[in-house]
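Colleague: Please find the sequence and the predicted model below.
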Amino acid sequence: MIRLWALALNTFREAVRDRVLHSILFFGAAAVILSIIFKDITIGDQAKVVRSVAHSGVDLFASLIAMFLGISLLWKELEKKTIYTILSKPIPRWMFVLGKYLGLILTVGVELLLLVGLYTVAMGLYQGVPSLTTFVSFGLIFVELLLLTAWATLFSAYSAPMTASAFTVSIFVIGHLADDIWLYGSQAESPLVQDVAQVLYYLLPNFELFNIRNFAIHQHPVPWDRVWPALGYGLSYTAVVLWFAISIFNRRDIR
């Protein structure tokens, strides 16, 4: 446990020094602030529009941080040859992958907390303290980031950053279009298209399960009947993807 925690902390320290990470965090903070500055040029219910833009900004830029950090998670260790020093110690490969992943999640969690804190202050000054549903929504976003980061770790375990980037972005896009894929497949006339759509729907992640943004924006009560299944789905799916990442890395020939 001590070795695992040491790996996680070391990964966290390396990640927070990355300048690109700071740039993404800056744009995320800017999205929250600009949503309030430009409220007077919005059409419709200004309060809801501001909450929608700011909430979406936190979601988008937190996801970008998770993808950016995850795709190069293991590749950096291979490129810098530091992995040989680490693995020469009594540290099994599964612990190495899990430690790097936990360090990355720690980084993503801190960045998300910073953005949520800024959102809370900004919304608090403009329209009052956000509702409980808002914070539960951000909690589900974190669960989504757990799963997205696990996929990025999986791709990083066997491919270069460019390939891992393409795969991770594809998973992110498909995951948010899962319901549309199901709808398109159910309406298609071709049995082959229907089968492919069903396979994609059940095999790939459905990130929309974690989306209760509309409930938060309209300040509705927390839809617990959606929250608990989404939480179970996200944690179990993350565990499976991490298991695959560790299995692949265990079989990788590192020279």
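Modeller: Done, it's in.
Colleague: Name the residue closest to the centre of this protein, please.
Modeller: Residue closest to the average C-alpha location in the chain (Cα atoms, centre = their mean): Leu145, at 2.2 Å.
Colleague: Give me the pLDDT for the closest residue to that residue other than its chain neighbours.
Modeller: In space, and not counting its chain neighbours, Leu145 is closest to Ala66: 4.7 Å by Cβ to Cβ, 6 or more residues apart in numbering. Every C-beta, even on glycine, is put in place using the N, C-alpha and C of the backbone. The model reports Ala66 with a pLDDT of 89.
Colleague: Give me the distance from the helix or strand hosting the residue nearest to the centre of the chain to the chain's centre.
Modeller: In this assignment (DSSP states H and E), Leu145 forms part of helix 132-156. Relative to its parent chain, helix 132-156 has a centroid offset of 4 Å by Cα atoms, centre = their mean, to the nearest Å.
Colleague: which helices and strands does it pack with?
Modeller: Contacts defined by 3 or more Cβ pairs under 8 Å, 6 or more residues apart in numbering; DSSP states H and E place helix 132-156 against helix 46-71, helix 93-127, helix 161-176, helix 213-217, helix 224-251.
Colleague: residues of the third one that come out buried?
Modeller: Going by neighbour count (16 or more other Cβ atoms under 10 Å), the buried part of helix 161-176 is Pro161, Ala164, Ser165, Phe167, Thr168, Ile171, Phe172, Ile174, Gly175, His176.
Colleague: angle of the helix or strand harbouring His22 against helix 93-127?
Modeller: Per DSSP H and E: His22 is located in helix 19-37. Angle of helix 19-37 versus helix 93-127, following axes from the mean of the first three to the mean of the last three Cα atoms, to 10 degrees, is 20 degrees.
Colleague: Any buried residues in the helix holding Leu145, and which?
Modeller: Going by neighbour count (16+ other Cβ under 10 Å), the buried part of helix 132-156 is 133-134, 136-156.
Colleague: Return the most buried member of the helices and strands packed on helix 132-156.
Modeller: helix 46-71 (a mean of 21; mean count of other Cβ atoms under 10 Å).
Colleague: who touches the closest residue to Leu115 other than its chain neighbours in this structure?
Modeller: Nearest non-adjacent residue to Leu115, counting by Cβ to Cβ, 6+ apart: Val58, 4.6 Å away. By Cβ atoms under 8 Å, 6 or more residues apart in numbering, the contact list for Val58 reads Gly28, Ala31, Val32, Leu112, Leu115, Val116, Tyr119, Phe138, Ile141.
Colleague: mind redoing it with 10 Å?
Modeller: Val58 sits next to 28-29, 31-32, 112, 114-116, 118-119, 137-138, 141, 213 when contact means Cβ atoms under 10 Å, 6 or more residues apart in numbering.
Colleague: returning to what we had before: can I get the buried residues of helix 161-176 in JSON lines including distance to Gly234 and pLDDT?
Modeller: Listed next are these as JSON lines, based on distance: Cβ to Cβ, whole Å; pLDDT from 0 to 100:
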{"residue": "Pro161", "distance to Gly234": "25", "pLDDT": "80"}
{"residue": "Ala164", "distance to Gly234": "21", "pLDDT": "86"}
{"residue": "Ser165", "distance to Gly234": "22", "pLDDT": "87"}
{"residue": "Phe167", "distance to Gly234": "19", "pLDDT": "92"}
{"residue": "Thr168", "distance to Gly234": "17", "pLDDT": "92"}
{"residue": "Ile171", "distance to Gly234": "14", "pLDDT": "93"}
{"residue": "Phe172", "distance to Gly234": "14", "pLDDT": "93"}
{"residue": "Ile174", "distance to Gly234": "16", "pLDDT": "90"}
{"residue": "Gly175", "distance to Gly234": "11", "pLDDT": "91"}
{"residue": "His176", "distance to Gly234": "14", "pLDDT": "91"}
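Colleague: Alright, I will stop here.
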